[in-house]
Every structure is written in structure tokens, then in C-alpha cells.
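**Student:** Please find the sequence and the predicted model below.
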Number of protein chains: 2
Amino acid sequence: MSNQRRFQAPKGTRDFLPEDMAIRRHIETAWRETSTRHGFEEIEGPTFEHLGLYTVKSGEGIVSELFSFRREGGRDDYALRPEFTPTLARMVAARGPGLPRPVKWFAVPTHYRAERPQRGRLREFVQWNVDMLGLDSPTADAEVLATGISALEALGLDPSMVTVRISHRDAVALGLESLGVSSESMTSAFELLDRRDKMPPEVFAEKASALGLDDDGLSDFDRLARTRRSIRGDLADLASESGVAAEAFAPLEGLRDALVDAGLADWCEWDLGIVRGLAYYTGSVFEVHESGGRERAIAGGGRYDGLVELMGGPPTSAVGFGMGDVVLGLVLEDRGLLEEVRPAPPRVFVLSAGEDADRPAHRLLAELRRAGIHARRSYKTTRNVGKLLGEASRAGATRAVILGSELGEGRVQLKDLVSGEQELVPLDEVVRMISGSESANG
Amino acid sequence: MSNQRRFQAPKGTRDFLPEDMAIRRHIETAWRETSTRHGFEEIEGPTFEHLGLYTVKSGEGIVSELFSFRREGGRDDYALRPEFTPTLARMVAARGPGLPRPVKWFAVPTHYRAERPQRGRLREFVQWNVDMLGLDSPTADAEVLATGISALEALGLDPSMVTVRISHRDAVALGLESLGVSSESMTSAFELLDRRDKMPPEVFAEKASALGLDDDGLSDFDRLARTRRSIRGDLADLASESGVAAEAFAPLEGLRDALVDAGLADWCEWDLGIVRGLAYYTGSVFEVHESGGRERAIAGGGRYDGLVELMGGPPTSAVGFGMGDVVLGLVLEDRGLLEEVRPAPPRVFVLSAGEDADRPAHRLLAELRRAGIHARRSYKTTRNVGKLLGEASRAGATRAVILGSELGEGRVQLKDLVSGEQELVPLDEVVRMISGSESANG
């Protein structure tokens, strides 16, 4: 292997320098604090799982999209996790009915996909997962959505910038049925709905025809797929816009009420074209999109009532979503919402302005940190106080302690770097004075 | 593959349920806060790297200890990272001399080793890495050690429970030289020192003899290896105990002063038997051990001045350590220091005690969370207030809002679950009242 490749991060992965990491932590902190506020508790699982955990759900076809491996001399095949839901379902299944319901869990794991990297899609990414299991009610769907939206709000986004597009597989299935799709063809019809924008019109027409749709049926299918409506409106509006009988939309009623009660109406709209590719969704499905439609989905999820049972657990209703850091980061950056995000500045900067001051400066620094204060120092050998103060300011410190000529009498200069004021104070009072001071960044 | 294996976490990895995750976050938070307080900034890298990044440093022999893989149809070999230092060195090398020095970085990455799992050693673990690059002074060694010790202290440990054992390769090399080890045999001598407790006495004697040591030399070698002393004592004591001339210990002087200045003397001792297996250490080396010597090392590190250059960067002095979560967790648990650690309890619990109260309860819950308050509710269908209050208490809530019969007049019961006191308050005042209340866990 060439040194050039060896000494770079693998394609599709990222190095996070402090300024990048500050953004990642800013996003992760919003996710964690929002989850906790909404009563979800954090879990984590292994970064890799038995390969069979993924093929049992998605079939052998998924293997080419995974990073899979085997330990030298070992007998088990593993894969880096491409998503979190199988791990979650495995954990719930393992605990069985003894786990108090509903289970409200979140996680902030890394995920891996052996795809070609492109804008908004990397080979390694972080994804916030929020799941609620064991409550078979639209209240659960609304609660996970409320949690997702609350994090977006905490990050500075509002309903003019992002939209939660919601559909429901039962409603769409009833609609497709009314267009003449048989129940045997329903899975193929959902696949076609999901992939319709990724194929040439003639391929689309051919596949639609295979479902038993004639030209009129194809046009009705297209009309259904393009139906988008405010969730504030009457569900009958969905019927008139989609051309499907109003009865089909009965499964949306409970969800609509729960979303309105949770105060989410401004953020949400019905979008009957939302399917979600993953085969395991059974009820509501949703995606969060940047309003301009310029990026991939920021988040996606839905109800997956059969998965825990598939993993060997008891029948368990479940709803959840995943929100990745990559597209979200692009949207936040585009909106200027990351400009102020940077590593925490120190609360105080300690300067040694004389040869004899070095060891007292080290001792003071140790005491400040022991008192819980974020303190930094200069490592430069210069005794030029002006230069040292410049370094303190560049580090973002608002206060400096200068150990200089007054050290012999046990005193040091305490300088406010914002106002420029400074005062001579006893060295052994410094920790107490800085501990007691107000600070937003301590 | 059997379902039984498929539906378990892979051997040597862990599922973190909320109570386990609370402990992991407790430890990680201590690591992160301590790092920041000491002026280190967080970074992260990819979970997997080009395999060559590890073989360039450690040789092809390391491959059997790694989980390595290749993307289907790809040409590059990757490995799950077994440690963080090569990634760190790669990142510093890539930024080159443009990066302001000293670089003070920390990370909290996951690591992977394809070893047989045993007590204190798993196939996947979390490791705190603290590194300081570009400052060629014992001040840097003392500063990373101070950071490590400060985290241990934050977690409740003290010098009676853990010991930092420190050696210095230059001092030990001078000592070995005085025993008759030639400079060509020095690497082998360090390897023997490192592995002496893992081999039968006759193998040890044979290898020592190959280094040119006779029976007396062997006994001197053993005496050097067993030398342990307080760092408060005179360095001459090390000479008399180890049987090596005092001059050998000159490299320890600066380190000793820096450790004493940083207030670390109570935690540290010299231990000339500490080598650290990794080939890249060049100066100080250290390990943190549980005082009883019952567990593997809690942390290990040292100076590695050549590594950034090996990764294609400029010559860069460097010192750092890694502290894993597995042994540390065992030590903290053994000392009873994790008993109080659990997921954050809610600040308030909302109870719906009547049919008509459900939707107002949902709305209140949404408002509380929007105001930043950790709020939970019961999902049970019972209207039995006593049962619901029991659930609130079990969740750790100290306050409950009961939406009951007074809801028609716009009022609800606000109950203090500690004192048992309750008062009737206006529904639309609840958020303000709870926001304004003091709380340690909000």
C-alpha cells in the first residue's frame, strides 16, 4: 500500500479536529438532552454484530452493503452495524417480557455502510436513534416525533426550514387497493412507490403494468404518490387530493390527534409518497426533510411492530426513528447555525512573567483545576506580558493571572481581558476569587 | 448460524442497558470534564483505519490481534482500531507544522482487539486518550499525568486505592548498561524486563544469558526490575535500592520536580519494572494500578517522540496515556463507587386521573418539555391515583402534577412526593412553577 493512502483517513470516514468535534458534540448534546427531557434513557450496543442479525431481517442481499469480517481462525461472521434497530430489537428480545413497558430508549451510535461516499452519505456516521416499544398507540408515534422535532428546535431550526413528512402504510395500502392493486402485489407496489423517482418513466410504466394498473391506474398511482397536505386540514382533503376514498384515511385520525396535542402541527405534513425502503415498517412512516428539498432526508422512521418477535422476543409494538449527523450538519451549516460553535474557552489563563514564577505558576494552575476551573497557561518561554496576554485572548479567556515581579510579596495581577482592568491580589486568594466569580463558560 | 448465537451480542462485546449506560456516561463525563478543565480539546477519528497504519508501527505480527477486513470488491485492507495513538499521530502528521504547539488533545474512542476475552479485557472497549505533542519538557509528562489522576479523583478514587507507577526508559537503559547489557541488546533487554513475570524461571535465565548476563547479572537485573520507591524520596535511594549508579537516575529529576509541582506526589511512585510493551515509547513510561495489584493496569502511557515522524510528519515530541473503561469499571465497582450511579430521574411526573384529562395531560407534558424540564408520565390506563403516584416515585420523581376532577375549573394538584404536601394550582401556572423551582436533577 502506498504511504499516501495509509496515512489518510479511509475513504468516506472523517477526522474530527477540535473545531469539528465541537460541532459533533453540539449536535450530540442536543440529542442527548432532548431525549432525557422526553423521558428516554440511553443505551448502547456493540459496534459490530453477528452478520446473521442483519440477514435475518433484510436477506442476503444486504451483505454487499455491509463491512463484514471474520476473526482470524474464528468461525463467526460479523458486520459493522449499518443501523441500530436490529441491535435494539435483539436487546429487547433478550430481556423478554420482564422489561417494564413501554420501553423508551435512545442511542447515539456510529454506523457503517460500504457504499460510494457522496454528499450527505458517508461510510461512517453517527445516528441518533429514538425508540418506544410496548405501547400500541399513536401517542407513541407522536412522542418519538416530538422528541426528534424538539432536538431540531434546540439546534435552531424551525418549521420554515424543515418539514416532517408523514404517511401510514395502512392508509396507503387501502388507497392502492382502491386503485386495483391486489394484496399479493402490495409489497411490490410499495417498492415501486419508494423507488419511482429513481427509474426512467418507461421502467416505471412497465412495473406499474405488472401490478395490474392500466394507464388510468398509473396516473392515479402517481396522483396518490404526490399527495401532500397540512396535518391541520381535514382528512377529507387528502381524499379529494389523492382521488382515494376517504375511508382509506381512517388510520391517520389517531395519529393526527396525537400530533396536534403534542403541539407539532406546524412541523408536520402528510406525504403519501413517503414509504421508507426498509421492509420492516408496519404503520406510520416518516422522514424529516430540509424544506427546500435540496438534501437527503435528515431523519427517517416509523412503526415496526413485528421486529422484536422476528428476533426471538415476544410480540411487541414499536416505533422509532434515526437521525444522522451528516445531512443534519449540512443543513445547520447552510443556515448559519454552527458559526458560534467552538471548543469551550478557558475561564482563566495563567501567565508566568518571570523566571522564578514558573513553579508557582504550575502550582497555581494545578490548584485552579483541582477547584474545577478550566484553566490554561502559555508554554512559550517569552516573558513579554503583552505577547502572553495576546495568547490568552486568542484562547478565548476572559481573565488572566499574571505572576510577575510582585510574586516576592505573595501577590499577583488579576486582569479582566474584556474591560482591561487589573488589580493586585494575594496569590493564595486567586482560586477563591475565580471560583466565586460568575462565568458562563466555566 | 444458530439463532442462539445470532441473537446474542458477539463474544467480548457488551450490551449497555440504561443502568449500564449510566455508568459508562458517568465515567466518560468525568473523563471529558477533567480533560477540558486541564485545557485539552476533544478529537475523534474513524473507527477503522487502513491496516497499514498499524503494521507500519508494530509490524505484520499485530495483524492476528486485529479485526481486519476488506470491502466487497474493494482493494484496501482495513482494521478496527486497536488503539488511538496511530490515528492521533496520523492527524498531527497531516496537519504538519501549521498546527499551533503544543497540541493538547483528548479522545474517548472505542477500540477492538481480537483476543480471547477475560476479566478486564474485552474485544470492544472504550478508552480515554490524553496526549500532549510539541512540548519537549517533563512539564508535559506531568500535565497528562495530572489530568489522568484528576479524573480518578473525580470518580472517587484516592492514593490509597490506586498508584501511578512511573519509570523512564533512559534511566533504565543506563542502569541496564551498567549491568553489562550492550546497546545492541537493549531492545531485547526491555522485552525481557516487560515479560519477565510471564515466563518460567528457566526461560528467563536462558534469555538473560543471551543478553550477556551471568548469574550475578541476572540477580542484578531482577533487583532493578523490582525497584519501587516513593517519588518524594531522594533519587539516591533509587540507586541504593536498585544497585545501579546514581548517575543513571538523572533523567528522572525534571520529571520528579514537575510531578511534585503539580501536586501529584501522593499518587506516584517510581517502579523501574514498568516497561510498557509497545515499541514506540522513548522516555517516561507509566501505568496506573489498583493498589492491591488485583487487576490489570487501569491506564498506561508514556513518551513517544518518534511516532509523528514515522507517520510522515515533522519530528514532534509527544506524551500521552490511554485509560480503558473495563478495568476502571471493575475497580470503581469493587470500591462501591458506582452504587449511586443511575439514569437521571425526572423532575416532574404528570398523571392523568380522568378520561377527560388525557389530552390536557399530553399538552402539559409537551409544554413542560419545551420549557427544558425532564418530564415523564404514566402510560397505564388506570385512574387509581395511588398506583400512579407509586409509579412516579419508582421513576425517582420528586414532584407530580395530577390532572383530576378540578381540571374543569382549570386547576390541578401539584404534589411534593418527598414531603407528601400538595396544593391546588392553576393549570397554566404549572410550567412556570416547576421551571422556577430549585432542582438538582432538572
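**Tutor:** Received the coordinates, thanks. Numbering: from 1, shown residues only, chains lettered A, B, ... in the order given.

**Student:** all contacts plus neighbour counts: C-alpha atoms, from now on.
**Tutor:** OK.

**Student:** Report the separation between residue A:131 and residue B:42.
**Tutor:** Here residue A:131 is placed at a distance of 29 Å from residue B:42 (C-alpha to C-alpha, to the nearest Å).

**Student:** same thing with residue A:333?
**Tutor:** In this view, residue A:333 and residue B:42 are 20 Å apart by C-alpha to C-alpha.

**Student:** Comparing those two, which residue is more hemmed in?
**Tutor:** Higher neighbour count among residue A:333 and residue B:42: residue B:42, with 24 against 13, using other C-alpha atoms under 10 Å in any protein chain shown.

**Student:** nearest residue to that one other than its sequence neighbours?
**Tutor:** Excluding the flanking residues, the one nearest residue B:42 by C-alpha to C-alpha, 6 or more residues apart in numbering or on different chains is residue B:106, at 4.8 Å.

**Student:** Tell me how many other residues crowd the one you found.
**Tutor:** Residue crowding around residue B:106 was assessed by other C-alpha under 10 Å; the count is 27.

**Student:** Okay, and it sits in which element?
**Tutor:** Taking DSSP states H and E as the definition, residue B:106 sits inside strand B:103-107.

**Student:** now the closest residue to chain B within the stretch 301-442 of chain A: how far from residue B:146?
**Tutor:** Residue of the stretch 301-442 of chain A nearest chain B, by C-alpha to the nearest C-alpha: residue A:374 (3.7 Å). The span separating residue A:374 from residue B:146 equals 14 Å under the rule C-alpha to C-alpha.

**Student:** who has more neighbours, these two?
**Tutor:** Using other C-alpha under 10 Å, the more surrounded residue of residue A:374 and residue B:146 is residue A:374, with 26 against 23.

**Student:** give me every residue that touches that one.
**Tutor:** For residue A:374, the contacting residues are A:346, A:347, A:348, A:368, A:442, B:36, B:37, B:38, B:39, by C-alpha atoms under 8 Å, 6 or more residues apart in numbering or on different chains.

**Student:** Same question for residue A:339.
**Tutor:** For residue A:339, the contact set (C-alpha under 8 Å, 6+ apart) comprises residue A:333.

**Student:** for it, phi and psi?
**Tutor:** Main-chain torsions, residue A:339, degrees, to the nearest 10: phi -60, psi -30.

**Student:** do residue A:403 as well
**Tutor:** phi -90, psi 100.

**Student:** low-confidence ranges in chain A?
**Tutor:** A:1-6, A:278-279, A:438-442 (pLDDT under 70).

**Student:** correct me, but residue A:141 touches residue A:254?
**Tutor:** No: Residue A:141 is beyond contact range of residue A:254, at 10.0 Å (criterion: C-alpha atoms under 8 Å).

**Student:** who's more crowded, the two?
**Tutor:** The neighbour comparison of residue A:141 against residue A:254 (other C-alpha under 10 Å) goes to residue A:141, with 28 against 14.

**Student:** In a helix, that one, correct?
**Tutor:** Yes: according to DSSP: H, G, I helix; E, B strand; the rest coil, residue A:141 belongs to a helix.

**Student:** which SSE is the nearest residue to it once chain neighbours are set aside in?
**Tutor:** Spatial nearest neighbour of residue A:141, chain neighbours left out: residue A:319 (6.1 Å); criterion: C-alpha to C-alpha, 6+ apart. Element membership for residue A:319, per DSSP H and E: strand A:318-324.

**Student:** Show me what counts as buried in the following helix or strand past that strand.
**Tutor:** Once the chain leaves strand A:318-324, the next helix or strand it forms, by DSSP H and E, is helix A:325-334. Across helix A:325-334, burial judged by 16 or more other C-alpha atoms under 10 Å in any protein chain shown covers A:325, A:326, A:327, A:328, A:329, A:330, A:331, A:332.
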